[in-house]
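Prediction below, plus the sequence it came from.
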Amino acid sequence: MVKELAGLSKDELELVVKAPLLVGLLIAGADGTIDQKEMRQGLDLAEHHLQKAAGEYSVFYQSIAQDFDEKFTILLQQYPKDVSKRQQMVVKELEKLNPVLRKIDPRFARPYHQCLLEVSRKIAESSGGFLRKNKVSPEESTWVNLPMIAEPGLHV
Amino acid sequence: MSRSSGYSPLPFQLVFLMWALFYIQFNFGVDLAFLGIKPRTLEGLPGIFFAPMIHGSLQHILGNTAPVLFLGSALYFFYGRIGNTVFFRCYFITNLLVWLLSPRASYHIGASGLVYGLSAFMILFGVLRKELVPLLLSIFVFLLYGGAFFYGVLPIDPRVSWESHLFSALVGVVSAITLRKKKRVM
């Protein structure tokens, strides 16, 4: 267990662990069609990124990356097929991360937020556009920078 | 430490450092937030010196560049003899107070605290001196920054470092009161 997460409730901790999958769902499903082949590439990239996360939190990221693909498939089944309804639900869940991240030490919260952004970009780039010319589709570009999650650990 | 000249490169040097660090941060993908003030921690101590030089986005640094240059230059131009005193009080005492008293354990970054301190000083100093030029400057600064002033010192938006705004404004006010009877300020 990461010591920075010790003060979180069970639900909050679950959300922190689930958020990379939610980000995957948000981006992969943004244009309405979840192309299994492209999706797999995106998830593989995300998994690879999570696994190579260096530093003192690498064990935490590796545990999220483990069976990322399978976890994603299970998660997908829990949400409605209708894109706008699903996006709305996912965005609402991700918004709940804001107060949670404010509770976490910025030494963990900031790289964690960066990691979510990386997962988002990797999935968007892997599944984007005709002949991959437009790497990120217009639908994905709305969400790719995760506007519902404020940059944590910073007061300006 | 007082100066009699009506010019100091200090605000320009600060802005140069702000942009140099911003360039490093965004060009090389380095997160320099750790140079911010993290209250009551050893790792947050360097922030007392560095925090005003660190900015989180282009909008953030653009928003602080003009006020630092304008208020800093005006301070040294009109109040050259007390310029350093006011500038360094607003810079270091503010940051020290944020480090000591902020209730939030996150990084505080940006030069907006300094902007609040310099604005508060100039607005009040002009009123207290009851001289034409300081009074005109006071009115001008109030018209420029007075509107945003009150919103920024209240704990409304969790992303905003209202602590640095509030403490710096207090430092500016205290500076204006303690320096108001100085015979020569220009």
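Okay, I see it.

going forward, measure contacts and count neighbours with C-alpha atoms only.
Fine.

What is the neighbour count of the nearest residue to A:Met148 once chain neighbours are set aside?
Leaving out its chain neighbours, the residue that sits closest to A:Met148 by CA to CA, 6 or more residues apart in numbering or on different chains is A:Glu95, at 5.5 Å. By the criterion of other CA atoms under 10 Å in any protein chain shown, A:Glu95 has 16 neighbours.

thought A:Glu95 was touching A:Ile149?
Yes: judged on CA atoms under 8 Å, A:Glu95 makes contact with A:Ile149 at a distance of 6.0 Å.

Contacts for stretch B:81-94, please.
For stretch B:81-94, contacts defined as CA atoms under 8 Å, 6 or more residues apart in numbering or on different chains pick out B:1-5, B:48-49, B:52, B:72, B:75-76, B:113-114, B:117-118, B:121, B:164, B:167-168, B:171-172, B:175, B:184-186.

Tell me the buried residues in the helix or strand harbouring A:Gly42?
Assigned by DSSP states H and E, A:Gly42 falls within helix A:36-51. Residues of helix A:36-51 classed as buried: A:38-51 (neighbour count, 16 or more other CA atoms under 10 Å in any protein chain shown).

what do you get for stretch B:133-140?
B:Pro134, B:Leu135, B:Leu137, B:Ser138, B:Ile139.

Which one of those is nearest to chain A?
Chain A has its nearest neighbour among the buried residues of stretch B:133-140 in B:Ser138, at 25.5 Å by CA to the nearest CA.

What helix or strand is that closest one located in?
Going by DSSP H and E, B:Ser138 is in helix B:132-152.

The contacts of stretch B:81-94 in strands, which ones?
Applying DSSP state E to these, no entry is found in strands.

Which entries within those residues meet the buried criterion?
Buried among these (16+ other CA under 10 Å): B:3, B:48, B:52, B:72, B:75-76, B:113-114, B:117-118, B:121, B:164, B:167-168, B:171-172, B:175, B:185-186.

hmm, back to that, could you redo the buried residues of stretch B:133-140 as CSV and give each row pLDDT and distance to chain A?
Formatted as CSV, these follow (pLDDT from 0 to 100; distance: CA to the nearest CA, whole Å):
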residue, pLDDT, distance to chain A
B:Pro134, 89, 30
B:Leu135, 92, 30
B:Leu137, 93, 27
B:Ser138, 93, 26
B:Ile139, 94, 27
